[in-house]
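Asker: Mind looking at a prediction? Sequence and model below.
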Amino acid sequence: MQIGLECFRDEQLRSMIASNLRYGNCEIQHKKDCIVYDTAEDHYLEEYLTVILDAFTTIRDIGIGGAEKRADYLKSFLSKWKLFSVSEEDIEVIMKGICSERYDEEPDLFDKKVTIIEFFYFDVMEQQCILRNYNWEEFCYNIKHVNRFHTQQVNFEQFKKLLENMIVDIPAGTLRLFRSRICDEYSYTTGYPAKEMGAPPIHAVSPGRTNSEGIQCLYLADDKETTFHEVKAKDHDHVSVGEFVQIEDLRIVDLSLFDNIGPFSSTDFDMTWFAINIEIIRKLGDEVAKPMRRFDHALDYVPTQYICDYIKYLGYDGIKFKSTLREIGTNYAIFDEKKFNCSRVQVIQIGDIEYQWNEIESEV
């Protein structure tokens with residue numbers, strides 16, 4: 001079987017396939033003359049995927065009551081792990097093709113529901129899970145409604161280990177970022193002065209995904225258009241756009257990497273650790289990037305505020321995260337606005353906005 005490079009999403013697996021430079025026709029996505037992994041000729045991926053298989057056990061074999069709640073098919077687990085960029089059905093075909101010997105020996109591992117046996121070992125979960133209740137939704141409930149400031153829900157040792165693999169050092173002068181403010185009637189033609197383009201004054205700071213009410217944070221983006229989306233500019237609005245120059249070295253945590261973390265991303269992550277934590281990691285990345293909605297309650301931001309406040313406590317200068325309002329946009333939350341200087345401001349009139357929509361079915 002020839003499996004195209006584009007069927008894989010995990011960066012480490014893609015790198016191995018790309019470096020092998022074997023060309024053929026992908027039997028999964030039906031692409032011709034592309035880089036492929038050929039199961040008849042290549043065997044180097046079998047070792048890596050076998051390590052993944054070793055992390056799973058069929059629920060029939062563990063005999064633990066309630067195991068069904070933490071079980072799913074192998075293809076569904078691997079889809080959530082984002083190892084592949086194809087459908088669950090194609091993942092199943094790929095796994096059986098690459099690990100054909102293992103499939104012959106243990107077909108139930110591929111065809112029946114499986115789970116991670118460590119899910120049911122309290123001591124292992126207590127030591128290795130980033131969240132001590134093992135669940136993002138339960139963590140959110142507890143920090144909103146039970147204990148906000150002195151929670152025992154986070155395993156800070158494990159969370160710190162994760163963050164240490166997501167640090168980016170940025171020398172002064174590297175970044176030129178942008179921030180927009182929609183002009184009011186007084187600034188409609190002249191725009192806001194540069195000194196008013198930074199973080200809002202303390203008395204005017206509203207809660208956001210990464211900052212609590214009253215705690216300043218400078219939100220920036222890597223291009224102007226992303227800032228228009230972030231401030232939800234409308235047709236024919238006048239917008240003041242400030243260009244910010246980085247004047248000090250930065251050490252930030254790149255939360256956009258949450259989406260790319262795989263089982264082979266770091267020697268700090270063994271397969272058990274990855275299997276236990278990956279759904280929490282993905283959920284956290286999605287929550288930080290989620291756009292603020294007009295009907296959100298301040299409580300909705302508390303979980304990510306708590307996480308970002310811990311990042312700030314560790315001494316990092318800010319976070320980087322993907323924009324969900326513009327596919328190619330990147331946002332930054334800088335904890336100390338003095339790290340940047342607003343070098344210039346220009347007033348831009350927004351043109352016609354083209355709306356895109358999806359119809360949501362509902363029962364009447």
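Answerer: All right, it came through fine. Residues are numbered from 1 along each chain as shown.
Asker: What residues sit buried inside the one helix or strand A275 maps to?
Answerer: Using DSSP states H and E, A275 falls within helix 271-289. Within helix 271-289, the residues that count as buried by 16 or more other Cβ atoms under 10 Å are 271-278, 280-285, 287-289. C-betas here are computed from N, CA, C, even on glycine.
Asker: before we move on, what about stretch 241-249?
Answerer: 241-244, 246.
Asker: In TSV, list these along with pLDDT, distance to Q128 and secondary structure.
Answerer: As requested, these are exported to TSV (pLDDT from 0 to 100; distance: Cβ to Cβ, whole Å; DSSP: H, G, I helix; E, B strand; the rest coil):
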residue	pLDDT	distance to Q128	secondary structure
V241	95	45	strand
G242	96	44	strand
E243	97	44	strand
F244	97	40	strand
Q246	97	37	strand
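Asker: Turn the residues you listed into CSV, including distance to E213.
Answerer: Formatted as CSV, these follow (distance: Cβ to Cβ, whole Å):
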residue, distance to E213
V241, 26
G242, 23
E243, 28
F244, 23
Q246, 27
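Asker: which among these gets closest to E354?
Answerer: Nearest to E354, judged by Cβ to Cβ, of the buried residues of stretch 241-249 is V241 at 20.6 Å.
Asker: Which parts of the stretch 151-300 of the chain are strands?
Answerer: All strands of the stretch 151-300 of the chain, identified by DSSP state E, counting those that start in this stretch, fall at 167-170, 176-182, 218-221, 238-246, 250-254.
Asker: hang on, the earlier thing: what's the helix holding A275 packed up against?
Answerer: When contacts are defined as 3 or more Cβ pairs under 8 Å, 6 or more residues apart in numbering; DSSP states H and E, helix 271-289 sits against helix 74-81, helix 122-128, helix 136-145, helix 156-163, helix 302-313, strand 318-322.
Asker: Roughly how far does D38 sit from L5?
Answerer: Distance from D38 to L5, counting by Cβ to Cβ, to the nearest Å: 12 Å.
Asker: Over to S87?
Answerer: Counting by Cβ to Cβ, the gap from S87 to L5 is 17 Å.
Asker: cool, and T174?
Answerer: T174 is 31 Å from L5, where distance means Cβ to Cβ.
Asker: Of those two, which one has the most company?
Answerer: L5 (20 against 11; other Cβ atoms under 10 Å).
Asker: ok so, going back, how about the helices and strands packed on helix 271-289 in CSV, adding mean pLDDT?
Answerer: Below are those laid out as CSV (pLDDT from 0 to 100):
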stretch, mean pLDDT
helix 74-81, 92
helix 122-128, 85
helix 136-145, 88
helix 156-163, 90
helix 302-313, 90
strand 318-322, 91
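Asker: Of the ones you listed, which stretch is the most buried?
Answerer: strand 318-322 (a mean of 24; mean count of other Cβ atoms under 10 Å).
Asker: hmm, back to that, out of the strands of the stretch 151-300 of the chain, which is the most enclosed?
Answerer: Per-stretch averages of neighbours, counted by mean count of other Cβ under 10 Å, single out strand 218-221 among these, with a mean of 24.
Asker: hmm, who's touching that one?
Answerer: Contact partners of strand 218-221, identified using Cβ atoms under 8 Å, 6 or more residues apart in numbering, comprise 177-179, 198-199, 208, 227, 230, 244, 318, 323, 329-337, 340.
Asker: Could you list which of the residues you listed belong to helices?
Answerer: Cross-referencing these against helices under DSSP state H gives 227, 230.
Asker: Give the buried subset of the contacts of strand 218-221 as a ChimeraX selection command.
Answerer: Buried members of the contacts of strand 218-221, defined by 16+ other Cβ under 10 Å, are picked up in ChimeraX with:
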select :177,178,179,198,199,208,227,230,244,318,323,329,330,331,332,333,334,335,337,340
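Asker: now the nearest residue to V231 once chain neighbours are set aside: how far from V345?
Answerer: Of all residues not flanking V231 in the chain, S180 sits nearest, at 4.9 Å (Cβ to Cβ, 6 or more residues apart in numbering). According to Cβ to Cβ, S180 and V345 sit 10 Å apart.
Asker: Need the overlap of contacts for the two.
Answerer: Common neighbours of S180 and V345, using Cβ under 8 Å, 6+ apart, are 240-242.
Asker: Quick one: those residues as TSV, columns for distance to M95 too.
Answerer: Output for these, formatted as TSV (distance: Cβ to Cβ, whole Å):
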residue	distance to M95
S240	53
V241	49
G242	50
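Asker: closest to K82 among those residues?
Answerer: V241 (34.5 Å).
Asker: The closest one touches T227, doesn't it?
Answerer: Yes: at 6.6 Å, V241 counts as touching T227 under the criterion of Cβ atoms under 8 Å.
Asker: Between these two, which contacts overlap?
Answerer: The contact lists of V241 and T227 share 178-180, where a contact means Cβ under 8 Å, 6+ apart.
Asker: Adding distance to P263 and pLDDT as columns, could you present these in a markdown table?
Answerer: Below are the shared contacts of V241 and T227 laid out as a markdown table (distance: Cβ to Cβ, whole Å; pLDDT from 0 to 100):
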| residue | distance to P263 | pLDDT |
| --- | --- | --- |
| F178 | 36 | 97 |
| R179 | 37 | 96 |
| S180 | 39 | 95 |
